[in-house]
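**Student:** Just a sequence and a predicted model for now, questions to come.
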Amino acid sequence: MRFGITTGYWSAGPPAGAQEAILEADRLGIDSVWTAEAYGSDAFTPLAWWGSQTRHLRLGTAIAQMSARTPTATAMQALTLDHLSGGRFVLGLGASGPQVVEGWYGQPYRRPLARTREYVEIVRQVLRRGAPVTIDGEFFQLPLAEERGGTGLGKPLRPTVHPLRADLPILLAAEGPKNIALAAEICDGWLPVFYAPRLDAMFRGFLADGFASRSPELAPAERFEVAASVPVSVDDDVERAADRLRPWIALYVGGMGAKGANFHRNAVDMLGYSDACDEIQDLYLAGRKDEAAKAVPTALVEDVALVGPAEKIAAELPRWEASAVTTMLLQADADAVRTVVGVAATLGLLER
């Protein structure tokens, strides 16, 4: 199993200690570093900055929001970063949710899976550079025809820059069964945010549904990457360790999206915590965020994160290694990263 670190998206400013953790990760031989975006910092610029100071880390977006850029603009950023990093870039995409897509980007959210299909197809056309990019889709049309608002002067184009890798990896963030299957069908990997090893068979089933329709032009399913974000809190006291992560889960369950349209909450529902989610969401939406965090069950934290002393983490890592997860993206400070990597190396689970 490989290990990466995820810096997430910024809050009021750049994440404290992120650069030190990334440089340490590069020295430790960790596989990758991943960034994200919501409606503040973007996902690409930090990778360019940190990537210029590292030599070995793969540089991934987890995630770049599709509504933030046209598919061709995203492909341009991907091929540019791939050249600058010497082939270390990984493009992680996600649909986000209607609150951000319609509220921040002013784009319609309807039929996100169908939109994703067209988006990924356009990005792949740019990266292959086999012919000018064309598509006549429901959501995207290249070149834009007059009947859809064009001048009639557009013509099919292909990138002036020759992409470094025509098969640059594209991963998809997905939480629902159909979207997870879509990742397995059209992408090179899946970026889960709430993965529980005890439900590994369920997740493998969703992936199998997509692999059944996978194009032979793509890499075989055996090379498919599952890069799961896994928060880490190291402490001799398990409850104290879990307390540090409860606010993060409460935010996703209670504050990310509207009451009836929160895909993160739906993902936690799938883990069997619907009753707890009801309470967390009600408290959070009522402005009682501290109480919402306290309502997060310790069992839920332990399902999706690594919490407690090093000995407990050592006992739990083998079930992650036996799961469909191929890369653990550690959401942790430098000390916690060193602890997990050290334990994994001792157990013989660290792939370099």
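**Tutor:** Yep, that arrived. This one's a predicted model, so the numbers in the text were calculated from it and none came from an experiment. Numbering: from 1, shown residues only.

**Student:** And the pLDDT at the residue lying closest to Leu172 once chain neighbours are set aside?
**Tutor:** Here the nearest residue to Leu172 in space, its sequence neighbours aside, is Ala183; by C-beta to C-beta, 6 or more residues apart in numbering that works out to 3.9 Å. Just so you know, the C-beta spots here come from the backbone N, C-alpha and C atoms, and that holds for glycine as well. We note a pLDDT of 98 for Ala183 in this prediction.

**Student:** ok, now Gln99?
**Tutor:** The confidence metric pLDDT takes the value 89 at Gln99.

**Student:** tell me which element Asp82 falls in.
**Tutor:** Secondary structure from DSSP states H and E places Asp82 in helix 71-84.

**Student:** ok, and what's touching whichever helix or strand comes after that helix?
**Tutor:** Downstream of helix 71-84, the first helix or strand assigned by DSSP H and E is strand 89-94. When contacts are taken as C-beta atoms under 8 Å, 6 or more residues apart in numbering, the neighbours of strand 89-94 outside the stretch itself are 32, 34, 47, 51, 58-66, 74, 78, 81-82, 116, 119-120, 123, 168-174, 189, 191, 227.

**Student:** Keep only those of these that are in helices.
**Tutor:** Among the contacts of strand 89-94, the members falling in helices (DSSP state H) are 47, 51, 74, 78, 81-82, 116, 119-120, 123.

**Student:** Make JSON lines out of these and add neighbour count and pLDDT.
**Tutor:** Listed next are the ones in helices among the contacts of strand 89-94 as JSON lines, based on neighbours: other C-beta atoms under 10 Å; pLDDT from 0 to 100:
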{"residue": "Leu47", "neighbour count": "29", "pLDDT": "97"}
{"residue": "Gly51", "neighbour count": "21", "pLDDT": "96"}
{"residue": "Thr74", "neighbour count": "24", "pLDDT": "98"}
{"residue": "Ala78", "neighbour count": "26", "pLDDT": "98"}
{"residue": "Leu81", "neighbour count": "21", "pLDDT": "98"}
{"residue": "Asp82", "neighbour count": "21", "pLDDT": "98"}
{"residue": "Thr116", "neighbour count": "22", "pLDDT": "98"}
{"residue": "Tyr119", "neighbour count": "27", "pLDDT": "98"}
{"residue": "Val120", "neighbour count": "22", "pLDDT": "98"}
{"residue": "Val123", "neighbour count": "24", "pLDDT": "98"}
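
**Student:** Of all pairs in the residues you listed, which one spans the longest distance?
**Tutor:** Based on C-beta to C-beta, the longest span within the ones in helices among the contacts of strand 89-94 runs between Gly51 and Thr116 and measures 26.0 Å.

**Student:** rewinding a little: give the buried residues for the helix holding Asp82.
**Tutor:** Within helix 71-84, the residues that count as buried by 16 or more other C-beta atoms under 10 Å are 71-72, 74-82.
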